[in-house]
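A.B. asks: Here is a sequence together with a model predicted from it:
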Amino acid sequence: MENAEVARVLGEIADLLELTGGNAFKVRAYRRAAQVIDVHPGSISELCREGRVAELPGVGAHIAAKIGELVETGECREHARLSALVPPGVLDMLRLEGIGPKTVEAVWKTLGITDVAALEAACRSGRVLDAAHVGPTRARAILGAIERQRGRAGRMLLHRALGYAAPILERLRTVPGVRRAEVAGSLRRRKETIGDLDLLVASDDAAPVVRAFTGLSGVTAVLAEGPTKASVRLRAGIQADLRVLAPGSFGAALHYFTGSKSHNIAIRTRAMKRGLKISEYGVFDRQGRVIGGAAEEDVFRAVGLPFIPPELREGMGEIEAAEAGRLPRLVEESELLGDLHVHSRASSDSRSELAEIAASAGTLGRRYVAITDHSRARPLGLDAPRLAEHAAAIRALDARLGGRPHLLAGVEVDVLPTGALDLPEEALAGLDCVVASIHSHLADPAARNTERIVRALRSGVVHVLGHPTGRQLGTRDAYALDLERVLDVAREEDVALEVNAMPERLDLTDAGCRAAKAAGVPVVISTDAHDATQLANLRYGVWVARRGWLEAKDVLNTLPLAELRRRLRRRGATARTAPGR
DNA sequence: GCCGTTTTCGGCCCGACTGTTTTCAGTCG
């Protein structure tokens, strides 16, 4: 069973407990375990089989047992028991922004509203005002939340989609006759959200592949089934589409089904001008003879272009760039030498020891890691004396590690609503890596948010602007911001923008990366790991950067440590030569 | 239900903000 599925069930147990008056701390425990599992880079099923799932932070004996049950049987009795107490639509209401368990419980129990549609009707008719703590403002807010949720409906976060696709591919590859099985579509382009899973298989014998696909254990409904294609609905609520093609057509099909649509149109138009025809079955000349199709490269070669990586195929100028020989050489995960935003147990929301982080980072081949815990505006955050102590501890361990990996002393300092930093400049000036982030007052207007960030960038002590837009995929939009202005100031002040690799953030966005590059502002790609195991999530950030056309030279943490230090120190130099700022 | 340099019981982040109330509950970060 996939991590996403385990996390979903645990998260639902938390929701159901909350709606049925369960202990709030128990609710929190389930929620935390779900979160940890959701972003865990390895396979939970495997960890479970090794009997090691309780080693994860937030997973104890009881939750480990439930995970075991889930992995073994695909079911969880506790989940089933609670589900029987709550109508299914009630959980959907809980997903609405600005509505919590109390409000949902109130409209459900006092008004008998059990789904979003009924809630919407009650908001429009005014009946919802009969529920406790719901007035006209909140009724309007609910309608807005329903509207926004609709806009996001049906899409799934990239890391979850990959989690669902991987075991399906694995299974399909075991079917006799299968040569290749790959994801296509937006999943292969590494888009941040995925509508449905597109899967492609190369085989001369399609029937057993289709049978294996429709017979997968996660399938709840077979929507269509033919000789070479099938569509199913998965337990996760998303659709998966399978196409089976002859190996000689696989490259052409992979290109066609990877898209995007506008990219495909541009390629096919080019082919037409050359008297060629490209379809999912291959590349054909004027006489209709096959001149390629087994490999994706055949398609590009036919239209006189070099291979264009899937992440660039959005019809955003990649064909023109390829034509002119100006395709970027996209940054690769292996080129990233370090991670510049990692939390240790000095942050209230992380439990990892410095030594654990160092060990995990070393295993992943990172040469340096910046420990950047929260400042005092966050619960239990570091004040200046504790930060100094913490930095000393980091440096002491760094000395013992002898560079395997190097530990950098840093901080994630809050940018207060005024734009002032949450710690005095003297406390920050000596640190190796200062990440400044916004965590509060997210609803302020663009002008105020922009000036707030600008002031922080002008402080002279900030190296990196953390998760610059504040969005959380599927739950929270980016705060209003004039990104152009932020980029202008970042360039002036020599501050890098972060690509936060947390799967639910991915912030900067791909478009933001492109804007940063255009503005001449470097980025850093960091995990924001809240547990040592999350250090492996760097790849999600790399994909965003690739979609944003970034090359290694645009990403500061591809630099060897000595060079990185020089780049970061320049920041401090600015501060020293410009007193009074 | 988890967790432990205050360790096997008894805590578990807590303040700001908002809208609904009439002194506070719910939500969020």
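C.D. replies: Nice, I can see it.

A.B. asks: burial measure for A:Ala447, as a count.
C.D. replies: 12 (other CB atoms under 10 Å). The C-beta positions use only the backbone N, C-alpha and C, and glycine is treated the same way.

A.B. asks: how far away is the nearest residue to it once chain neighbours are set aside from A:Ala446?
C.D. replies: Leaving aside its chain neighbours, A:Ala447 sits nearest to A:Asp482 (7.6 Å; criterion: CB to CB, 6 or more residues apart in numbering). Computed as CB to CB, to the nearest Å, the A:Asp482 to A:Ala446 distance reads 6 Å.

A.B. asks: Show me what from the stretch 151-300 of chain A comes close to DNA strand B.
C.D. replies: For the stretch 151-300 of chain A, the contact set with DNA strand B under CB under 7 Å from any atom of the strand is empty.

A.B. asks: list the contacts for the closest residue to A:Met502 other than its chain neighbours?
C.D. replies: Once flanking residues are discounted, A:Met502 sits nearest to A:Asp528: 4.9 Å by CB to CB, 6+ apart. A:Asp528 makes contact with A:341-343, A:466-467, A:500-502, A:505, according to CB atoms under 8 Å, 6 or more residues apart in numbering.

A.B. asks: Using TSV, lay out those together with pLDDT, secondary structure and neighbour count.
C.D. replies: Output for the contacts of A:Asp528, formatted as TSV (pLDDT from 0 to 100; DSSP: H, G, I helix; E, B strand; the rest coil; neighbours: other CB atoms under 10 Å):
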residue	pLDDT	secondary structure	neighbour count
A:His341	96	strand	28
A:Val342	95	strand	34
A:His343	93	coil	23
A:Gly466	95	coil	27
A:His467	95	coil	25
A:Asn500	96	strand	29
A:Ala501	96	coil	30
A:Met502	93	coil	22
A:Arg505	92	coil	24
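
A.B. asks: ok, which of those also contact DNA strand B?
C.D. replies: Answer for the contacts of A:Asp528 near DNA strand B: none qualify (CB under 7 Å from any atom of the strand).

A.B. asks: Closest one of the residues you listed to A:His133?
C.D. replies: When the contacts of A:Asp528 are ranked by distance to A:His133 (CB to CB), A:Arg505 comes first, at 31.0 Å.

A.B. asks: Using the three-state scheme, assign the residue positioned nearest the centre of chain A.
C.D. replies: Geometric centre of chain A, nearest residue: A:Pro503, 2.0 Å, by CA atoms, centre = their mean. Here A:Pro503 is recorded as coil under DSSP: H, G, I helix; E, B strand; the rest coil.

A.B. asks: Next, count neighbours for the nearest residue to A:Gly135 once chain neighbours are set aside.
C.D. replies: Spatially, and ignoring its direct neighbours in sequence, A:Gly135 is nearest to A:Leu129 (6.5 Å; CB to CB, 6+ apart). Counted by other CB under 10 Å, the residues lying close to A:Leu129 total 14.

A.B. asks: isn't there a strand covering A:Leu129?
C.D. replies: No. When classified by three-state DSSP, A:Leu129 is found to be helix rather than part of a strand.

A.B. asks: what's it in contact with, if anything?
C.D. replies: By CB under 8 Å, 6+ apart, the contact set of A:Leu129 is A:135-136, A:139.

A.B. asks: got a list of what A:His79 touches?
C.D. replies: Residues near A:His79 by CB under 8 Å, 6+ apart: A:9, A:12-13, A:16, A:66.

A.B. asks: The residue nearest to the centre of chain A and A:Leu70: what is the separation?
C.D. replies: A:Pro503 is 21 Å from A:Leu70, by CB to CB.

A.B. asks: Domains in chain A, by residue range?
C.D. replies: Using automatic domain parsing, the domain ranges for chain A come out as A:3-152, A:156-245, A:251-323, A:333-568.

A.B. asks: Okay, now the unreliable bits of chain A?
C.D. replies: A:151-154, A:570-581 (pLDDT under 70).

A.B. asks: What count of nearby residues applies to the residue nearest to A:Ala447?
C.D. replies: Neighbour number of A:Asp482 under other CB under 10 Å is 15.

A.B. asks: Could you do A:His390 as well?
C.D. replies: Quick note: A:His390 (other CB under 10 Å) scores 19 neighbours.

A.B. asks: residue contacts, it?
C.D. replies: A:346, A:371, A:373, A:382, A:409.

A.B. asks: Just confirm the third one is within a strand.
C.D. replies: Yes. Under the criterion used here (three-state DSSP), A:Asp373 sits inside a strand.
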